[in-house]
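S.K.: Sequence below, structure please.
(one chain, ligands or ions: 1)
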Amino acid sequence: MRRPVVAGNWKMHGSRSANGALLRELEQRLNPEWPVDVVVFPPFVYLADAARTLDGGQIRLGAQDVCAEATGAFTGQVSASMLKDVGCRYVIVGHSERRRLYHEDDVLVARKFAAVLHAGLTPVLCVGETLEERENHHTESVVARQLEAVTAMNGAASFASGIVAYEPVWAIGTGRTASPQQAQAVHAYLRSRIAAQDANIAGHLRILYGGSVKGGNAAEIFSMPDVDGGLVGGASLSADEFLKICEAAAQRETVSGTVRP
Ligand code: PEP
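M.R.: Alright, predicted model coming up:
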């Protein structure tokens with residue numbers, strides 16, 4: 001059974017007081033019975049504060065990025081072991097904003113994935129095509145290239161401890177989501193690429209959808225058999241919206257009753 005994940009990427013938003021209020025409200029209102037892993041990804045400078053606020057609670061902590069190097073003269077960078085030290089368990093690698101705005105290529109993303117695993121944390125690998133790539137029917141080749149840069153460097157077995165997030169670039173922050181069928185098709189394709197290397201790991205791999213997920217559309221997207229939860233940007237900054245998404249992910253398991261590998 002693949003337990004769903006709802007991951008809130010706060011991007012460059014928040015403040016000490018706003019974060020504390022949001023996290024306390026989430027912890028209070030999150031139903032401990034919901035079978036869902038909930039993770040928040042505040043900006044680096046707020047991670048230690050957030051770890052203190054969340055200490056002993058149900059919500060896990062993650063970072064939005066990491067340096068591929070372990071230690072040394074890399075001004076401005078933060079290593080995976082430092083993230084672990086302040087209480088992170090998850091790290092996003094290869095978010096489309098990192099790829100597009102900071103020119104991170106597939107090899108660097110694969111190295112970051114390796115660094116996160118090496119520190120004993122869970123990498124969340126983001127893959128996804130631009131609108132132009134989709135319109136030119138390159139979706140599958142783009143996501144396969146992004147995925148297989150990681151397996152080429154780290155092996156398919158590295159996904160035993162990793163998560164994939166399919167985030168079509170045209171759906172991020174635009175209010176335009178992929179249809180459930182579009183998401184399902186890409187998720188099934190990604191799973192099949194891993195299955196070609198290791199069917200057991202593919203069966204257990206959690207593949208999240210990201211791109212304008214809201215309280216109102218989450219249930220429909222999460223009802224797809226290969227969608228194992230969501231990576232949520234804008235809506236993760238609102239307790240009401242984020243909790244609705246968590247509830248939709250939790251209900252997906254109980255309502256569908258599907259025995260997932
Ligand atoms: C994201 O930042 O990864 C994301 C999916 O953002 P949004 O939910 O706002 O589209």
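S.K.: In this structure, which residue sits closest to the ligand?
M.R.: Nearest residue of the chain to the ligand (C-beta to the nearest ligand atom) works out as Gly233 at 2.1 Å. Every residue, glycine included, has its C-beta placed from N, CA and C.
S.K.: OK, contacts around that residue?
M.R.: When contacts are counted by C-beta atoms under 8 Å, 6 or more residues apart in numbering, Gly233 touches 9, 11, 172-173, 210.
S.K.: Give me the buried subset of those.
M.R.: Buried members of these, counted by 16 or more other C-beta atoms under 10 Å: 9, 11, 172, 210.
S.K.: near the ligand, from those?
M.R.: With the criterion set as C-beta under 6 Å from any ligand atom, the members of the buried ones among the contacts of Gly233 near the ligand are 9, 11, 172, 210.
S.K.: Dump those to TSV, plus secondary structure and distance to Ala195.
M.R.: Below are these laid out as TSV (DSSP: H, G, I helix; E, B strand; the rest coil; distance: C-beta to C-beta, whole Å):
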residue	secondary structure	distance to Ala195
Asn9	strand	27
Lys11	coil	32
Ile172	coil	27
Gly210	strand	22
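S.K.: ok so, going back, Met153: which of the contacts of Gly233 is nearest?
M.R.: Here the nearest of the contacts of Gly233 to Met153, counting by C-beta to C-beta, is Gly210; it sits at 23.0 Å.
S.K.: Which residues are in contact with the nearest residue to that closest one once chain neighbours are set aside?
M.R.: What sits nearest to Gly210 in space, not counting adjacent residues and going by C-beta to C-beta, 6 or more residues apart in numbering, is Leu231, at 3.4 Å. Residues counted as contacts of Leu231 (C-beta under 8 Å, 6+ apart) are 7, 9, 92, 124, 126, 165, 167, 208-210, 213.
S.K.: And Pro42, how close does it get to Ser15?
M.R.: Computed as C-beta to C-beta, to the nearest Å, the Pro42 to Ser15 distance reads 10 Å.
S.K.: and if you look at Asp105?
M.R.: For Asp105 relative to Ser15 (C-beta to C-beta), the value is 33 Å.
S.K.: What of Thr75?
M.R.: Taking C-beta to C-beta, one finds Thr75 at 25 Å from Ser15.
S.K.: Leu101 too?
M.R.: From Leu101 to Ser15 the distance is 23 Å (C-beta to C-beta).
S.K.: With Gln146 instead?
M.R.: 33 Å.
S.K.: again, but for Ala156
M.R.: Distance from Ala156 to Ser15, by C-beta to C-beta: 41 Å.
S.K.: So between the two, which is more surrounded?
M.R.: Counted by other C-beta atoms under 10 Å, Ala156 and Ser15 do not tie: Ala156 has more neighbours, with 22 against 10.
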